[in-house]
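Peer 1: Take this sequence and fold it.
(one chain, ligands or ions: 2)
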Amino acid sequence: MAIDHLHTWIHEIADHAGEEVTLRGWVQKNRVMKKLVFCVVRDGTGICQAVITRGEVDDAMWERAVSLTQESSIELRGIVQADQRAPGGYEMQARELQVLSPSVDYPITPKEHGAEFLLDRRHLWLRSSKQHALLKIRHTLERAIHDFFHSRGFTQVDAPIFTPNACEGTTTLFETEYFGQKAYLSQSGQLYMEAAAAAVGKAYCFGPTFRAEKSKTRRHLTEFWMVEPEVAFADLDDMMQLAEEFFEYLVGRSVEEHRDLLEGTLDRDVSMLEKVVAPFPRLSYDDAVRQLNALGHDFEWGGDFGSPDETKLAEQFDRPFVVHRFPAAIKAFYMGRDPQDERLSLSMDVLAPEGYGEIIGGGERASDLAYLEAQVEKHGLPPEAFGWYFDLRRYGSFPHAGFGLGLERMVTYVSGIRHLREAIPFPRLIHRLGP
Ligand code: 4AD
Ligand code: MG
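Peer 2: Ligands and ions are numbered 1, 2, ... in the order given. As a prediction, this is how the structure comes out:
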């Protein structure tokens, strides 16, 4: 097949109004009338409607146009014009049409399909407009994450994926064989960022993390991406402030760059996102428990919040909010203790309203060596795997704090979708390893 290498990407089509151009893409929709064919072509950067008029093109081309099938790859040539009525806002009067490769019986049709059917065909499902919008929003959030930390003097330091120890507890650890010893897939880069903070002051990592989550919920993936800043000489209050400003920035960038996709393709109520302005309401765990009980919602002090508890709490706010100082007993081994109340940890979560719940978790780290050694033992962790981590408290220990934000939780919240599985290109779930 002959390919014209001077083709135009559809997102640049506005620069070519009135000109003859070549477009390449896939047939999204083909509507055949008596004398006209309306073919909506998408190339991933946009969509354009091509019009083929019987009598104005030769019979062979008319036949090709009439028989176009969904997702065939094609090349079109013709003059483009802005047209408000056309999907995408542009229309091409096509004079040439080549089928680069046909698509026969494309499985995903405009009718409704079940979630499992679509997930089995995730490699094709990504082409549909809603999934395309989610890919764009995820990409923008990834860029915004780097922009935010770069502009504040942070250095990105990559954490390893193979690790010798747990970070967030042993119940969700993926184990793998590593040349005769055991290795674990990283649950969090945090411990490494603590080392990095002593090297660069303000560090962050951003990469895949793994949790063998046995529960099937719409908020848990077994592989997800987490961004984790860690700051030397920072405390819990500093982290709440950083988390709030970061959250506001990410939501703001999404709205700024993707209002059309959010309102149009995803049907998101953007006014809810526009309320995301720091500082957020903050309440202690103690207060949160009191409020839950006052709202008639049974919750006992000492437990971790489940999804219904988070949703109930969130009903009082129209914005994200922060809960701080959770009981130390339900938090990881590295958490600092509240000097005012030894039962409490210097921890915080940022929760989103509208049923989305926890998006950020973090806090101030314990900096005392003896305390950490005791905690490792208490949590049943192997002390030999933490020798390097204890070194950070042996050689110039320093107060420090950080947090982790789950990228898919943020994509899900910003986009207003229900389930995290659509917020990552190829989701990994308890019962799903493919495609
Ligand atoms: O609250 P988590 O477990 O905190 C940590 O891992 C800390 N070490 C982070 C730190 O302080 N550097 O996880 C942080 C965030 C959660 O708030 C949530 O957004 C996301 O990671 N997350 C998950 N996202 C998808 N699927 C899962 N199974 C997740 N588990 C946590
Ligand atoms: Mg958490």
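Peer 1: For this structure, which residues are neighbours of ligand 1?
Peer 2: 167-168, 188, 190, 211, 213, 220-221, 224, 226, 228, 358-362, 402-406, 408-409, 420 (CB under 6 Å from any ligand atom). Quick note: C-beta positions are derived from backbone N, CA and C, even for glycine.
Peer 1: mind showing which ranges of the chain have poor pLDDT?
Peer 2: Within the chain, the stretches with pLDDT under 70 are 1-5.
Peer 1: Try it again at 80.
Peer 2: By pLDDT under 80, the weakly predicted segments of the chain are 1-6, 215.
Peer 1: Show me the domain layout of it.
Peer 2: Following automatic domain parsing, one finds the domains of the chain at 10-101, 122-422.
Peer 1: Save those as CSV, and put in mean neighbour count too.
Peer 2: Formatted as CSV, the domains of the chain follow (neighbours: other CB atoms under 10 Å):
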stretch, mean neighbour count
domain 10-101, 17
domain 122-422, 18
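Peer 1: can you list these in TSV and add distance to I108?
Peer 2: Formatted as TSV, these follow (distance: least, CB to CB, whole Å):
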stretch	distance to I108
domain 10-101	8
domain 122-422	6
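Peer 1: who wins for proximity to G434 among the ones you listed?
Peer 2: With CB to CB, the closest approach to G434 among the domains of the chain belongs to domain 122-422: 8.4 Å.
Peer 1: How far does the closest one stretch from one end to the other?
Peer 2: Terminal residues of domain 122-422 are spaced 9 Å apart (CA to CA, to the nearest Å).
Peer 1: any idea how far it is from the chain center?
Peer 2: Relative to its chain's centre, domain 122-422 lies at 12 Å (CA atoms, centre = their mean, to the nearest Å).
Peer 1: Now do the helices in this protein.
Peer 2: With DSSP state H as the criterion, the chain has helices at 59-66, 115-120, 122-125, 129-151, 190-200, 236-260, 270-274, 285-294, 307-314, 369-378, 387-394, 407-415.
Peer 1: what's the shortest one in contact with?
Peer 2: Residues from elsewhere that reach helix 122-125 (CB atoms under 8 Å, 6 or more residues apart in numbering): E71, Y106, P107, I108, L118, L119, Q131, P425, F426, P427, P435.
Peer 1: From the centre of this structure, give me the residue that's furthest out.
Peer 2: In the chain, G55 marks the outermost C-alpha relative to the chain mean, sitting 49.5 Å out by CA atoms, centre = their mean.
Peer 1: I figured it hits K34, correct?
Peer 2: No. Look at G55 against K34 with CB atoms under 8 Å: they stay out of range, at 11.2 Å.
Peer 1: re the thing from before, just the ones of the residues of the chain next to ligand 1 in strands?
Peer 2: If you go by DSSP state E, the residues of the chain next to ligand 1 have 224, 226, 228, 358-362, 402-406 in strands.
Peer 1: sorry, back to before: would you list the buried entries among the contacts of helix 122-125?
Peer 2: E71, L118, L119, Q131, P427 (16 or more other CB atoms under 10 Å).
Peer 1: Against E63, how distant is the residue of the stretch 1-150 of the chain found nearest ligand 1?
Peer 2: Across the stretch 1-150 of the chain, the shortest distance to ligand 1 (CB to the nearest ligand atom) belongs to L141, at 12.7 Å. L141 sits 45 Å away from E63, going by CB to CB, to the nearest Å.
Peer 1: how about D368, what does it touch?
Peer 2: Going by CB under 8 Å, 6+ apart, D368 touches R393, S397.
Peer 1: Could you rerun that using 10 Å?
Peer 2: For D368, the contact set (CB atoms under 10 Å, 6 or more residues apart in numbering) comprises G336, R337, A374, Q375, R393, S397.
Peer 1: State the distance from it to ligand 1.
Peer 2: 18 Å (CB to the nearest ligand atom, to the nearest Å).
Peer 1: switch to numbering from 545
Peer 2: Renumbered: residue one is now 545, and that last one reads D912.
Peer 1: Quick one: residues contacting V799.
Peer 2: Neighbour list for V799: L806, E807, R812, V814, L817, E818, V820, V958 [criterion: CB under 10 Å, 6+ apart].
Peer 1: Mind picking the one among those that's closest to R696?
Peer 2: Nearest to R696 among these, counting by CB to CB, is V820 at 18.8 Å.
Peer 1: That closest one against E789, yeah?
Peer 2: No. V820 is not in contact with E789 according to CB atoms under 10 Å; the separation is 11.1 Å.
Peer 1: ok, K726 touching T714?
Peer 2: No. Judged on CB under 10 Å, K726 makes no contact with T714 at a distance of 11.7 Å.
Peer 1: Who does the residue in the stretch 795-944 of the chain positioned nearest to ligand 1 form a beta bridge with?
Peer 2: Proximity of the stretch 795-944 of the chain to ligand 1 (CB to the nearest ligand atom) peaks at G905, 2.6 Å away. When bridges are called by DSSP bridges, G905 pairs up with D893, G948.
Peer 1: As PDB, could you dump the C-alpha coordinates of stretch 852-868?
Peer 2: In PDB, the C-alpha atoms belonging to stretch 852-868 read as follows (Å, rounded to 0.1, in the frame of the first residue of the first chain):
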ATOM      1  CA  PRO A 852     -19.000   3.400  54.000                       C
ATOM      2  CA  ASP A 853     -17.400   5.300  56.900                       C
ATOM      3  CA  GLU A 854     -15.400   7.500  54.500                       C
ATOM      4  CA  THR A 855     -18.500   8.200  52.500                       C
ATOM      5  CA  LYS A 856     -20.600   9.100  55.600                       C
ATOM      6  CA  LEU A 857     -17.800  11.500  56.800                       C
ATOM      7  CA  ALA A 858     -17.500  13.000  53.300                       C
ATOM      8  CA  GLU A 859     -21.200  13.900  53.200                       C
ATOM      9  CA  GLN A 860     -20.500  16.800  55.500                       C
ATOM     10  CA  PHE A 861     -18.100  18.400  53.000                       C
ATOM     11  CA  ASP A 862     -18.300  19.700  49.500                       C
ATOM     12  CA  ARG A 863     -14.500  19.500  49.100                       C
ATOM     13  CA  PRO A 864     -11.700  17.100  49.900                       C
ATOM     14  CA  PHE A 865     -10.800  16.900  53.600                       C
ATOM     15  CA  VAL A 866      -8.000  15.700  55.800                       C
ATOM     16  CA  VAL A 867      -8.200  13.300  58.700                       C
ATOM     17  CA  HIS A 868      -5.100  13.200  60.900                       C
END
